[in-house]
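Asks: got a predicted structure here, sequence first:
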Amino acid sequence: GESVGLHLPTLSVQEGDNSIINCAYSNSASDYFIWYKQESGKGPQFIIDIRSNMDKRQGQRVTVLLNKTVKHLSLQIAATQPGDSAVYFCAENNQAGTALIFGKGTTLSVSS
Amino acid sequence: NAGVMQNPRHLVRRRGQEARLRCSPMKGHSHVYWYRQLPEEGLKFMVYLQKENIIDESGMPKERFSAEFPKEGPSILRIQQVVRGDSAAYFCASSPRTTMNTEAFFGQGTRLTVV
């Protein structure tokens, strides 16, 4: 079946540290992946995406890495700030390409 | 440019009543997706619609749930005869085309509580 999962449900870091959030996916045919950030009481907010023909993509303070060999996705946040505290979800497109399949999420807590 | 608008933000229904959740996609977006999120869990896909068409409803419960996206007006997710297990946050997303290779923008959700 299709499933997307995360390695750790929670991650606690100090302000200024770099954060790495990991995600494993099972559908080797997936060709599109997204990271979303969800703050309490809000909807998911797009962070960064990557297509399967890429290994790495960088945004502002964020980098997504894709390892298709082991079906692993990671989100790196540089100089983590208290405002980065939220639940982070990885998602992949389903086999039909009609929906996103979400993992359970990693809660990132940033302390000052 | 307004984002995806969902209303109401909070909805309380008694068991057996009907719940109607509305979603207006971003301007220029013709693809709408509904997801459900239980507490402490990720989002689960329910249905994907284009104007006047249901494209993929593989995530919809077989009974009591229906969705539409009419030619004019918002998309509606309808839950008949609600039960306590329907309590969840329901999110709508829209995109200008299928999510195969483009991001979907989410609304703030409707939090349904069944009492």
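Replies: Arrived safely. Source: prediction; values computed, not measured. Residues are numbered from 1 along each chain as shown, chains lettered A, B, ... in the order given.
Asks: tell me the secondary structure for residue B:90?
Replies: When the structure is split into helix, strand and coil by DSSP: H, G, I helix; E, B strand; the rest coil, residue B:90 lands in strand.
Asks: pretty sure it sits against residue B:35.
Replies: Yes - in this structure, residue B:90 sits in contact with residue B:35. The criterion is Cβ atoms under 8 Å, and the distance is 7.3 Å. Any C-beta I mention is one placed from the backbone N, CA and C, and that applies to glycine too.
Asks: for chain A, give me the ranges with low pLDDT.
Replies: When residues are selected by pLDDT under 70, those of chain A lie in A:1-7.
Asks: tell me the contacts of the residue nearest in space to the middle of chain B?
Replies: Among the residues of chain B, residue B:34 comes closest to the average C-alpha position under Cα atoms, centre = their mean, at 3.4 Å. Remark: with contacts taken as Cβ atoms under 8 Å, 6 or more residues apart in numbering or on different chains, residue B:34 is in contact with B:23, B:46, B:47, B:49, B:67, B:75, B:77, B:90, B:91, B:92.
Asks: nearest spatial neighbour of it, chain-adjacent residues omitted?
Replies: Computed as Cβ to Cβ, 6 or more residues apart in numbering or on different chains, the closest residue to residue B:34 that is not its neighbour in sequence is residue B:46, at 4.4 Å.
Asks: that neighbour falls within a helix, correct?
Replies: No - read with three-state DSSP, residue B:46 is strand and lies in no helix.
Asks: which SSE is residue 33 in?
Replies: Here I'm looking at chain A. Using DSSP states H and E, residue A:33 falls within strand A:32-38.
Asks: meant chain B, my bad for not saying
Replies: For residue B:33, the host element (DSSP H and E) is strand B:31-37.
Asks: what about that strand, distance to the chain center?
Replies: 5 Å (Cα atoms, centre = their mean, to the nearest Å).
Asks: partners of that strand in the sheet?
Replies: Strand pairing for strand B:31-37, determined by DSSP bridges: strand B:43-50 (antiparallel), strand B:88-95 (antiparallel).
Asks: export the ones you listed to JSON lines and append columns for distance to residue A:66 and mean pLDDT.
Replies: Converted to JSON lines, these look like this (distance: least, Cβ to Cβ, whole Å; pLDDT from 0 to 100):
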{"stretch": "strand B:43-50", "distance to residue A:66": "21", "mean pLDDT": "95"}
{"stretch": "strand B:88-95", "distance to residue A:66": "21", "mean pLDDT": "95"}
